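Participant: Model the structure of this input:
(chains A, B, C and D)
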Protein chains: 4
Amino acid sequence: MANDRFEYLANDYRQGFPAHCGFEVDRVDSGIFETRLAVEAMHRQQDGFVHAGVMATMADHTAGYAAFTLVSEDERILTIEFKINYFKPALGDTLVCRSRVVHPGKKIIVSESEVFSIHKSSEKLVAKAMVTLMAVVLR
Amino acid sequence: MANDRFEYLANDYRQGFPAHCGFEVDRVDSGIFETRLAVEAMHRQQDGFVHAGVMATMADHTAGYAAFTLVSEDERILTIEFKINYFKPALGDTLVCRSRVVHPGKKIIVSESEVFSIHKSSEKLVAKAMVTLMAVVLR
Amino acid sequence: MANDRFEYLANDYRQGFPAHCGFEVDRVDSGIFETRLAVEAMHRQQDGFVHAGVMATMADHTAGYAAFTLVSEDERILTIEFKINYFKPALGDTLVCRSRVVHPGKKIIVSESEVFSIHKSSEKLVAKAMVTLMAVVLR
Amino acid sequence: MANDRFEYLANDYRQGFPAHCGFEVDRVDSGIFETRLAVEAMHRQQDGFVHAGVMATMADHTAGYAAFTLVSEDERILTIEFKINYFKPALGDTLVCRSRVVHPGKKIIVSESEVFSIHKSSEKLVAKAMVTLMAVVLR
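Facilitator: Residues are numbered from 1 along each chain as shown, chains lettered A, B, ... in the order given. Now for the predicted structure:
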């Protein structure tokens, strides 16, 4: 069951804005979601670094899907709020986002996302987010 | 002076990822920056609403440029962190973001961004962010 | 009705830790709660300023009671999370906290708190918080 | 050196509001600070749980001292902002806070604090905070 569900979520992840941004799914497990981005010119800001908004989008969306792995199929996950800290400029050509659920509540779920910039096989933690999510039953 | 600087910032705003997203500048004033987005299919998420990441990017980038209006020309603005709350799904075909500086510190500047969804001339507050920025002198 | 309810909430506010800290209620209205603190030695930190934790407690507790003014009598308000920015050291001998509900959702309510330090009748904004609250029905 | 410095910080921690609250230091190491609270009636809120403000104060103060372990003796640590999520009511008679630096920047330091409620030797994660701090040189 879990494998089908995880495969479903990996596909569901790649829609709309996140698909447009180019995020790809690396790994799905219970309470865990990991994604990847091949950085292109469109992802950068005025100083040449990856834009804070790209990392925020990746951190939020991946955190939400980590929560999706823990709820039933008739529930949707909404972002109530999130907070993200930027530690250093993302200069690499690949971003990786690793999200895990830190509080698997019934209604309120909290996930954390760590965003790493990868350059020549060394990875640096460039941002970290705490994301408050709510599970709502589809009508 | 201010007018030239404000015009410069309005153009500077539209680069890289924010330009790619399609954000347009509506208004620039001292400590104030307002932007607009014509929502397209690419901005939505799996449920048809504007993606949280689009609003986060708009809130962060516009907040940063509100700070830019208060610093000298040899300073850059970096996002240290931000927090954004989502109040309701953004269903309209236009988003407007209004940012203003609430703490004009010398080094640390704090801006707030309110994101409104506009549908048939009624506007709804759909998200609000507090953004901590740092002014750094260009080398 | 509202007056009795507001009076009840003003009394309910002053219990346990907030009462111990010495917070007093200044004003209660629909979606609004304002409180005051006469700063004493016990509220300060190692550098002589009011401790960040005092302001955080005041901002959270007052924000929660602003939400209490909007829900029915069988509901309690819980803090899901909050974020607070500190703008400058609080040096005055009085703190005032003004909270208002910015998103009066049915289940999720978001309030903002502004904390002012008052010294010789001039007031300075020293901190601002966004507080995410949840209304839960008492069993 | 480190031992003397750590001992100095353990004593420095217990001043003003945090001392008044009753926080005690459990452990100090490089980038790490851990504290403890014997919960009393004064720490509770209207429903009998430990007040959110107590946990916020503990999370902020302990996070700040984790940062203190990494800076030179002529630097002070100021809280720029923090965000805290509450996962479940703290019902136990002891709170433990474990803070560690996650981004040891030169100027901006980010710490995380996890707050546990201990009841009959089982511990539960009840809150988690991300704290943005700034190192400033004393004049």
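Participant: Which helix runs longest in chain A?
Facilitator: Ranked by number of residues, the top helix in chain A under DSSP state H is helix A:52-68.
Participant: I'd say A:H43 and B:A19 touch.
Facilitator: No. A:H43 lies out of contact with B:A19 (Cβ atoms under 8 Å); the separation is 11.7 Å. Yep, even glycine has a C-beta here, placed from its N, CA and C like the rest.
Participant: The two: who's more crowded?
Facilitator: A:H43 (22 against 14; other Cβ atoms under 10 Å in any protein chain shown).
Participant: Spit out the contact partners of the most centrally placed residue in chain A.
Facilitator: Nearest to the geometric centre of chain A sits A:T62, at 1.9 Å (Cα atoms, centre = their mean). By Cβ atoms under 8 Å, 6 or more residues apart in numbering or on different chains, the residues touching A:T62 are A:13, A:23, A:33-35, A:97-99, A:113.
Participant: What's the mean pLDDT across the helix or strand that contains A:K83?
Facilitator: If you go by DSSP states H and E, A:K83 is part of strand A:75-86. For strand A:75-86, mean pLDDT is 97.
Participant: Ok, stretch A:126-137 next?
Facilitator: Mean predicted confidence for stretch A:126-137 is 97.
Participant: Is chain D within reach of that stretch?
Facilitator: Yes. Counting by Cβ under 8 Å from any Cβ of the partner chain, chain D has neighbours in stretch A:126-137: A:128, A:130, A:132.
Participant: Is the last one in a helix, a strand, or coil?
Facilitator: Translated: A:T132. strand (DSSP: H, G, I helix; E, B strand; the rest coil).
Participant: Against A:G31, how distant is it?
Facilitator: 16 Å (Cβ to Cβ, to the nearest Å).
Participant: What segments of chain A are helices?
Facilitator: A:2-13, A:16-21, A:52-68.
Participant: Near chain B, which residues of chain A are found?
Facilitator: Counting by Cβ under 8 Å from any Cβ, the residues of chain A near chain B are A:12, A:15-18, A:20-21, A:41-47, A:51-54, A:56-58, A:60-61, A:76, A:78-86.
Participant: ok, and of those, which contact chain D?
Facilitator: Among those, chain D is touched by A:83, A:85 when using Cβ under 8 Å from any Cβ.
Participant: Is it possible to mark the buried ones in the residues of chain A next to chain B?
Facilitator: A:16-18, A:20-21, A:43-46, A:51-54, A:56-58, A:60-61, A:78-86 (16 or more other Cβ atoms under 10 Å in any protein chain shown).
Participant: what's around the nearest residue to A:E40 once chain neighbours are set aside, how many residues?
Facilitator: Once flanking residues are discounted, A:E40 sits nearest to A:G22: 7.1 Å by Cβ to Cβ, 6 or more residues apart in numbering or on different chains. A:G22: 17 surrounding residues under other Cβ under 10 Å.
Participant: State the distance from A:G22 to A:R36.
Facilitator: From A:G22 to A:R36 the distance is 9 Å (Cβ to Cβ).
Participant: Next: A:E123.
Facilitator: Distance of A:E123 to A:R36, computed by Cβ to Cβ: 12 Å.
Participant: what does A:Y13 give?
Facilitator: 12 Å.
Participant: what's the overlap in contacts for those two?
Facilitator: A:23, A:25.
Participant: residues in contact with A:C21?
Facilitator: If you count contacts by Cβ under 8 Å, 6+ apart, then A:C21 has A:37, A:43, A:54, A:57-58, B:53 around it.
Participant: just curious, which of those is nearest to D:G92?
Facilitator: A:M58 (36.7 Å; Cβ to Cβ).
Participant: Would you check that A:K83 makes contact with B:N85?
Facilitator: No. Contact criterion Cβ under 8 Å: A:K83 and B:N85 do not qualify, at 9.8 Å.
Participant: do you know how far the closest residue to A:D26 other than its chain neighbours is from B:F6?
Facilitator: Using Cβ to Cβ, 6+ apart and skipping residues adjacent in sequence, the residue nearest A:D26 is A:E34, 4.3 Å away. According to Cβ to Cβ, A:E34 stands 42 Å off from B:F6.
Participant: follow-up on the earlier one: mean pLDDT added to the helices of chain A, as TSV?
Facilitator: Below are the helices of chain A laid out as TSV (pLDDT from 0 to 100):
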stretch	mean pLDDT
helix A:2-13	92
helix A:16-21	94
helix A:52-68	98
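Participant: Bridged to the closest residue to A:Y86 other than its chain neighbours, which residues?
Facilitator: In space, and not counting its chain neighbours, A:Y86 is closest to A:A127: 5.0 Å by Cβ to Cβ, 6+ apart. In this entry, A:A127 is beta-bridged to A:Y86, A:V115, by DSSP bridges.
Participant: okay, now the nearest residue to A:I84 once chain neighbours are set aside: neighbour count?
Facilitator: Spatial nearest neighbour of A:I84, excluding adjacent residues (Cβ to Cβ, 6+ apart): A:A129 at 3.9 Å. A count of nearby residues for A:A129, using other Cβ under 10 Å, gives 28.
Participant: That's all I had, so thanks and see you.
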